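Asker: Got a predicted structure plus its sequence, pasted below:
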Amino acid sequence: MKMTIVTSARGKVIAGVDGHVSSPSTRRGMTATIVPQDGQKFHEVDVPEGYAKLEPLALLEALASHMKR
């Protein structure tokens, strides 16, 4: 599963978005994007499919541990 992880200037995971923001959207209808603020970084990663079933807080924790690898 492809995700884009947003980290703060200190490297803390602050958001996760399904898909890679650099890839064109193939979805129909409304779409949205995220814009990094000063010091924030995007990380496009592949994560296990099971992440899709996690609750939001558990997902952020799992993404944070993924970033430490």
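Answerer: Yep, it's here.
Asker: quick one: secondary structure of the residue at the greatest distance from the centre of the chain?
Answerer: What lies farthest from the middle of the chain is Gly29; by Cα atoms, centre = their mean that is 21.2 Å. With DSSP: H, G, I helix; E, B strand; the rest coil as the basis, Gly29 sits in coil.
Asker: how much space between it and Ser8?
Answerer: 31 Å (Cβ to Cβ, to the nearest Å). Backbone N, C-alpha and C define where each C-beta goes, glycine included.
Asker: what helix or strand is Val45 on?
Answerer: strand 41-46 (DSSP states H and E).
Asker: Can you give the strand pairings for that strand, parallel or anti for each?
Answerer: According to DSSP bridges, strand 41-46 forms sheet pairs with strand 2-7 (antiparallel).
Asker: chain center to the strand it pairs with: distance?
Answerer: 2 Å (Cα atoms, centre = their mean, to the nearest Å).
Asker: same deal with stretch 59-69?
Answerer: 10 Å.
Asker: Could you pull out the buried residues of it?
Answerer: For stretch 59-69, a neighbour-count test (16 or more other Cβ atoms under 10 Å) marks Leu59, Leu60, Ala62, Leu63, Ala64, His66 as buried.
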